[in-house]
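Trainee: below are the sequence and a predicted model for it; my questions follow.
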Amino acid sequence: MIADTGRRLSPRAKAALNFLARYGTILGLAAMIVAFALLSPRAFPTVGNFRNVLNQASLAMIIATGLTLAVIVGELDLSVGFAASLHGILVTGLIVSDGLPIPVAIAVVLAAGAVIGLINGLIVTKIRVNSVIATLGVGTILTGLAFAYSAGVPIVAGVPEAFLQLSLGHWLFGIPNDIVVMVAVAAALWLLVERTPLGQEIQAVGGNPAAARLAGIEVDRIKLLGFTISGVCASLTGILLASRLGSGTASAGDSYLLTAFAAVFLGSATLRDGEFHVLGTVIGALIIAFGFNGLNIFGAPTFSQYMLQGAILIVAVGLSSLGRSIAER
Amino acid sequence: MIADTGRRLSPRAKAALNFLARYGTILGLAAMIVAFALLSPRAFPTVGNFRNVLNQASLAMIIATGLTLAVIVGELDLSVGFAASLHGILVTGLIVSDGLPIPVAIAVVLAAGAVIGLINGLIVTKIRVNSVIATLGVGTILTGLAFAYSAGVPIVAGVPEAFLQLSLGHWLFGIPNDIVVMVAVAAALWLLVERTPLGQEIQAVGGNPAAARLAGIEVDRIKLLGFTISGVCASLTGILLASRLGSGTASAGDSYLLTAFAAVFLGSATLRDGEFHVLGTVIGALIIAFGFNGLNIFGAPTFSQYMLQGAILIVAVGLSSLGRSIAER
Amino acid sequence: DAPLLGIVSISATEANNARYIKGATAAAKEDGWKVSVIDASGSADQANAAMQNFAGLGAGAIIDMVFPWSSIGAGLAAAKSAGIPVVTWGGGLGGSIAATNGSGAPVAQPVIDRMVADLGGSGDVLALTYHTGEVCRNREVLLDGIVGKSPAIHVTRNEVRIPGYFEDGAQYANAWLASHPAGGGRLAIWGCWDDPAIGAIGALRQQGRDDVKVYGVNGNAQAIENIRNGHMTATAWEDSYTEGYRMVKLLAAIRAAGANWTPRAAEVPAVLVTQQNVAQFIKDHPDALGK
Amino acid sequence: MMDGAPFLVAEDIAKSYGGAQALRGVTVALHAGEVHGLVGANGAGKSTLIRILAGVTGPDSGRILLDGRPVAIPSPHHAADLGMSFIHQELAFVPGMSVIQNIMLGLPKKTRFGMIDWAAIAHEVAPVAKRVGLGAPLFAGVKGLSTAENWLISICRALIRRARLIVMDEPTASLSAGEAEKLFRIIADLTRSGVGVLYVSHRLDEIKRLCTRVTALRDGRTVAHLRGGQITRGALVGAIVGTSAEAQARAQPAPRTGGVVLSVDGLARLPRVRGVSFVLRRGEVLGLGGLVGAGRSEVARLIYGADRPDSGTMTLHGQPFAPASPAAAVRAGLGLVPEERRTEALLLHRSIAFNLQLANLASLRRGPLLDGGRRTRLALGVIRDLAIKAQGPDLPVARLSGGNQQKVAIGRWLLRAPDVLILDEPTRGVDIGARSEIHRHVRALAARGMAVLVISSEPEELPDLCDRVLVMAEGRVVLELCGAGLTRNAVVAASYAEAPAHGVSA
Ligand SMILES: Nc1ncnc2c1ncn2[C@@H]1O[C@H](COP(=O)(O)OP(=O)(O)OP(=O)(O)O)[C@@H](O)[C@H]1O
Ligand SMILES: Nc1ncnc2c1ncn2[C@@H]1O[C@H](COP(=O)(O)OP(=O)(O)OP(=O)(O)O)[C@@H](O)[C@H]1O
Ligand SMILES: [Mg+2]
Ligand SMILES: [Mg+2]
């Protein structure tokens, strides 16, 4: 029997593993893109297709980066999908039925998003309801409001072309607007979290709320901020979705919830060990979008698309986490 | 100006608040039942209706109590809904297409549930993938498997009456079987967690995995156990669902995911402060089921049903948590 | 006391469901029913629970919307033992269902014919399908039958989810378009109902592609609007308002006949709406735009 | 008995974490029935060695011999099977569980029909709890227990396991004199019955008093084996720091001419704090002494706005002061180094620089952004000033040794330099060198006008550091000591005094 439990990894192996731990998820994304490019050399690796993927990913990414803020401050926000649905209806309703000018309608709806986020936050910080229940409850109420506002009937007739151009147009160097908005939102949130003093407080609150509080940080206010940003991003997604669909439709945005969560949690394995951060979420959303697009272009049958999508999620994170756990063993 | 911040609660007020903190959620359930009984005095408070509610709650409760085990060991299991869908298809398929005897088919599917739970657990403990991603990935793969097995087409023809009687029958004193199974599962899991030595390890692993490990508890094994139990309960729900629907239908069980989570998190505010436990989950599932039933029977318009359901979630937890936070201030 | 009409909808927010409910409610008002609508949000289990609740309430009749009869076993059993007739819209005729309409497969025929004609016998089709729904499955069988006669038409199939059909429609279209660039041959996208096709239209417009014809079925308000705007080629307008209305009107006869009732389908013919006739169509059916 | 063959030998153990070489070749031999001291500066590698023995981490090289045979310890579970029991430096609790559940964590439990028989277990645990002085009810939750009580739970757990070897990593760091005394008696009983004890402490008089052998570590190497009469304070200090000179801790009392900064009048929060009054002056270091559970940490939290008082008033700079939150207190010019560094002060997975900046964000602002360069410079300054043993400011705090983590918790407030600084057990787990360094910093801050309130359970610390000491018992101030009357013994004696009906007002 050997008692020497030392199994020392060579420094080079260790460095490689650490690299894998840090960049595994990104490597996974890169490997996936290369694989799809080889499998569908004509259709996949084109500028047009990449622009499409980004365009398609942009709404999910906006809602997911917003959700990231809620998650960084240590809470879950399950209301984002339902909120996006409601806001899509609301913005078309305000434009079509109430005749508000488009910018005013958008401003009103963004404000409504902030208010809903704030309400989530107040229920969590003041009444101290667990955020899962609070945001699920608020989300259910929002679904009810969407029904009440539209009686379940999509708002279609009379949506002005200018509103559709919000999502369909490209006002900046021919880049689709959705992509521009997405980049702007992600960059702003990244700057906020990583590069401002307020961002340090945001990070501290999620990491150890008790310690943050004793360090003089107003934990509840920071949490409110996180929820509010999440709410505003959900409403922005709802507005763009309505513009994309050309209508306000109840439950159109509901399915963003799971996608956004997948992106956020994928992102937490990227670059850092299990911490949520904006850049990670962006990469997570890209993995999901490229995975979906590539599998589709390759033309796999629906059932194997599901299986491969599931596998992509696990492998993308697994690369990082396996590297990390071997390196640290 | 007076700087005296003294606000002393009388001992009686404090006792009342502590009572509210502990029993607020249950009080909420009771108040809700009373309210519905007053609103629909003829239809709601009848033995038949209560049996009906319990019957309806039973499947959600089985999946939710199973999920509770995964959550107690500190992990999330997002695969339960998708697993239930797959298992429902699988069990009907095995009976109808492969002609297996009903008990054998059920045993096979329960074993498959255990294996899926184990796979979830192994991905989380060995590859160290975050449980949200791991179980979402596995869940997506299961959806693909369900499609692959059934091409998405419900398996209907030839489902034997004996299989339908599994869920529709009542073999014990006229109590519907689903209720009997649900009570048995909940009681067994409650005993396991609260009353056995193994249960102490389960609680410890979730409460503080580092401490549990230092105390010599095999954390990974306990986590595997939690996932496995969650998997078995999901497959049991899938079987009963197929029997209830009279068919194996893709995605029929998907929506249990949110319901089960709502029940589990509602439960964590019940009796204890933010800890997950089996009894709490049972009460959480009852709140959801009575809410749905009472609103149905009262016949409120659809939109207000959503709003009230959302409000019920928040108020049920809010009673406890507000009581607690005032008492502890 | 007015008898209770229980309506269980797979998704009361889906446009066609909403129109059917409107029609049913209008007829119910005339005939003195009290209406209660439950949104099962896609969950068969909740649909069964809702039907059980209606049975417990002693409802006069239950309408099941879209859930196939094969997935409401427990609900049907409860209704049967309480002696309550259950009719479905799009759920098919089977089990103890008393009547059905909106079965919808035949509705799709003119659209598919039109698509095959537009393709001129060759080209690529993206079919957005939903196998779990009986209606969609039957429409797909119809599609296969018609397209099968033109071997030069190649069909790519993708399954959409409920909910999530807009997003799925858009994403599948997006990827399919990448491997079907403009100028390569005639292209068409077919939704087994309008919503996935409308999702696909979003993708088309974002890519600035106007070489792809888009076909839906059901003729919901958004589809009509898209046809009017030139983004959709054709749909079959299923007059779900009238379907709902007539189904409720039929309930009196079902109740009167009791055990002697013979289950039957009571379909309402559909109207093919194309860019050519859309203006006239809107004149004839102003309510089709959801106003 | 002590001169037989050692039953456990750790031979030439090496361990590195990333670039940091925590152990470079350490050899320790333990005999049955002896108390073996393990000493060394913060970061010397003591806890790392213990974690290896406990199977928490594996060594890179070297071997462990039990009864002369090499053994592998791949997990804590195995360590328990080999008859070893541990009280780790960092507390390990399950917060949602009761006291008895925590004591029995991981231990085999009596059952009836497969169900746990708590009554029988309590029967067994109660005497042990009594012996270590654990007063909390066994079936109450551990939430709200003081740090000391948590330690006593750890000690109970180690004792109940009935091991051949009990390893204690700084067990008295959070205990006051009374509890420590009880522990020493227990250790004596244990050794008499043949149990070996490996004992880590920075308190050299404890080492002198308890240990029959001592191994000293420096920078991951064994630098000395001492036994019996060789164990003197001078020899220990020499082995630990490499020179025999011990830094003089006691500073000259600063002239106390400052005006009152903070005054506290009748502050109460039942049942722990029952009416506390005192004044804190500019430039003075005021100590708060007493037994575990005397309510000192609670007083600190009340002043700091972390808890709300039932009654009482405060003034700060002569103005009424009633902070609604710690943030309000910080804005008003207060700072607090809490008692529990890991749960209350640090973000363990974040870097040293991140942790240090948290109370100082305003000073790092450049335009709307954070000045990252300045942040790094400030962090490097603190690392140098407090001699934090770390590879750089970007290292996660979790990778520091216990004492070095404590320095980070203090460093945050040294950077901010508030008007009033409250230090709750500031040198817990800090080695003798760094301890005097921290004391020097505190005195320097006071000399520049800061008012400092220090809570300490270590009997020597308050006389060393403070100008004036208030002793608390049962939620009241029972005595004020200053000048010549301020001695270790006076503090200890007063701690045990009967609490008078009304506190001494300062
Ligand atoms: N998980 C880890 N990762 C990286 N470095 C570590 C880790 N744990 C400990 N170290 C490093 O190993 C060295 C020894 O640490 P250890 O905790 O053994 O010191 P110690 O002697 O117990 O000190 P103290 O008296 O402060 O508790 C330190 O330099 C520390 O930074
Ligand atoms: N939040 C709380 N809730 C309930 N009880 C508490 C809480 N905080 C502290 N206590 C109790 O108050 C008592 C006094 O604790 P405190 O920490 O103020 O005393 P102390 O004199 O600082 O002693 P120690 O040296 O143990 O910290 C503790 O024994 C503990 O049981
Ligand atoms: Mg240590
Ligand atoms: Mg204290």
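Mentor: Now that the structure is in, tell me what you want to look at. Ligands and ions are numbered 1, 2, ... in the order given.

Trainee: now check stretch D:334-341, is it near chain B?
Mentor: No. Taking CB under 8 Å from any CB of the partner chain as the criterion, stretch D:334-341 and chain B are apart, separated by no less than 14.1 Å. Backbone N, C-alpha and C define where each C-beta goes, glycine included.

Trainee: hmm, that stretch touching ligand 3?
Mentor: No. Taking CB under 5 Å from the ion as the criterion, stretch D:334-341 and ligand 3 are apart, separated by no less than 12.4 Å.

Trainee: could you give the average pLDDT over that stretch?
Mentor: For stretch D:334-341, mean pLDDT rounds to 93.

Trainee: next: stretch A:14-26.
Mentor: Per-residue scores along stretch A:14-26 average to 84.

Trainee: now that stretch: how far from the chain's centre is it?
Mentor: 24 Å (CA atoms, centre = their mean, to the nearest Å).

Trainee: interface residues of chain D facing ligand 4?
Mentor: D:297, D:339.

Trainee: what residue in chain D comes nearest to ligand 3?
Mentor: D:S47 (3.1 Å; CB to the ion).

Trainee: next: the stretch 201-329 of chain A.
Mentor: A:E328 (19.2 Å).

Trainee: number of nearby residues for the closest residue in space to the residue of chain D closest to ligand 3 that isn't next to it in sequence?
Mentor: Distances taken as CB to CB, 6 or more residues apart in numbering or on different chains put D:Q89 closest to D:S47, at 5.1 Å, once the chain neighbours are dropped. Neighbour count of D:Q89, defined by other CB atoms under 10 Å in any protein chain shown: 20.

Trainee: A:A316 now?
Mentor: Neighbour tally, A:A316, other CB under 10 Å: 28.

Trainee: next up, the contacts around it.
Mentor: A:24-25, A:28-29, A:32, A:266, A:269, A:287 (CB atoms under 8 Å, 6 or more residues apart in numbering or on different chains).

Trainee: now the helices for chain A?
Mentor: A:11-39, A:47-72, A:80-96, A:102-125, A:131-150, A:161-168, A:177-195, A:197-207, A:209-214, A:219-245, A:256-268, A:278-298, A:302-328 (DSSP state H).

Trainee: residues contacting the nearest residue to D:P396 once chain neighbours are set aside?
Mentor: Leaving aside its chain neighbours, D:P396 sits nearest to D:H349 (5.5 Å; criterion: CB to CB, 6+ apart). Shown in contact with D:H349 (CB under 8 Å, 6+ apart): A:207, A:273, A:275, D:396-398.

Trainee: give me the phi and psi for the closest residue to C:A253 other than its chain neighbours.
Mentor: Distance criterion CB to CB, 6+ apart; nearest residue to C:A253, sequence neighbours excluded, is C:W261 at 7.8 Å. Main-chain torsions, C:W261, degrees, to the nearest 10: phi -70, psi 140.

Trainee: wait, isn't C:W261 in contact with C:P85?
Mentor: Yes. Between C:W261 and C:P85 there is a contact under CB atoms under 8 Å: 7.4 Å.

Trainee: in what helix or strand does C:V141 lie?
Mentor: helix C:134-147 (DSSP states H and E).

Trainee: does that helix reach chain B?
Mentor: Yes. Where contact is defined by CB under 8 Å from any CB, part of helix C:134-147 touches chain B, namely C:R137.

Trainee: buried residues of that helix, list them for me.
Mentor: C:134-140, C:142-143, C:146-147 (16 or more other CB atoms under 10 Å in any protein chain shown).

Trainee: centre-most residue in the chain?
Mentor: All of this is about chain A. The residue lying closest to the centre of chain A (CA atoms, centre = their mean) is A:A64, at 1.1 Å.

Trainee: my bad, the chain I had in mind was chain D
Mentor: Centre-nearest of chain D using CA atoms, centre = their mean is D:R428, 3.3 Å out.

Trainee: in a strand, that's where that residue is, yeah?
Mentor: No. Judged by DSSP: H, G, I helix; E, B strand; the rest coil, D:R428 forms no part of a strand; its state is coil.

Trainee: pLDDT score for it?
Mentor: pLDDT, D:R428: 86.

Trainee: hang on, it packs against D:A409?
Mentor: No. Using CB under 8 Å, D:R428 is not in contact with D:A409, being 9.7 Å away.

Trainee: who touches both of these two?
Mentor: D:R341.

Trainee: partners of the helix-or-strand element of chain C with minimal mean pLDDT in the sheet?
Mentor: Between all helices and strands in chain C, the lowest mean by mean pLDDT, DSSP states H and E belongs to strand C:264-265, at a mean of 86. Strand pairing for strand C:264-265, determined by DSSP bridges: strand C:97-101 (parallel).

Trainee: quick one: contacts for the residue in the stretch 101-250 of chain C positioned nearest to chain B?
Mentor: With CB to the nearest CB as the measure, C:H131 is the residue of the stretch 101-250 of chain C nearest to chain B, at 3.0 Å. Contacts for C:H131 (CB under 8 Å, 6+ apart) come out as B:151-153, B:250, C:137, C:140, C:159.

Trainee: please, which helix or strand holds it?
Mentor: Applying DSSP H and E, one finds C:H131 in no helix or strand.

Trainee: about what we covered before: and the angle from the helix holding C:V141 to strand C:97-101?
Mentor: 50 degrees (axes from the mean of the first three to the mean of the last three CA atoms, to 10 degrees).

Trainee: one step back: and the residue nearest to D:S47, its phi and psi?
Mentor: phi -60, psi -40.

Trainee: any weak-confidence spans in chain A?
Mentor: For chain A, residues meeting the criterion pLDDT under 70 lie at A:1-9, A:152, A:329.

Trainee: repeat that with 50
Mentor: Applying pLDDT under 50 to chain A picks out residues A:1-6.

Trainee: from it, which residue is nearest to ligand 2?
Mentor: A:A210 (11.2 Å; CB to the nearest ligand atom).

Trainee: ligand 1 versus that residue, what's the distance?
Mentor: 22 Å (CB to the nearest ligand atom, to the nearest Å).

Trainee: distance-wise, check the closest residue to A:R22 other than its chain neighbours relative to A:V278.
Mentor: By the measure of CB to CB, 6+ apart, the closest residue to A:R22 outside its immediate chain neighbours is A:L271, 5.8 Å from it. Applying CB to CB, to the nearest Å, the value for A:L271 to A:V278 is 11 Å.

Trainee: which one of these two is surrounded by more residues?
Mentor: A:V278 (26 against 18).

Trainee: please name the nearest non-neighbouring residue to that one.
Mentor: A:W190 (4.3 Å).

Trainee: the one you found against A:L279, yeah?
Mentor: Yes. The pair A:W190 and A:L279 qualifies as a contact (CB under 8 Å) at a distance of 6.0 Å.

Trainee: nearest to ligand 1: which residue in the stretch 51-200 of chain A?
Mentor: A:Q200 (23.4 Å).

Trainee: how much space separates C:G185 from C:Y215?
Mentor: 17 Å.

Trainee: who has more neighbours, those two?
Mentor: The neighbour comparison of C:G185 against C:Y215 (other CB under 10 Å) goes to C:Y215, with 26 against 14.

Trainee: separation between that one and ligand 4?
Mentor: 75 Å (CB to the ion, to the nearest Å).

Trainee: ditto for A:Y256
Mentor: Relative to ligand 4, and taking CB to the ion, A:Y256 is found at 48 Å.
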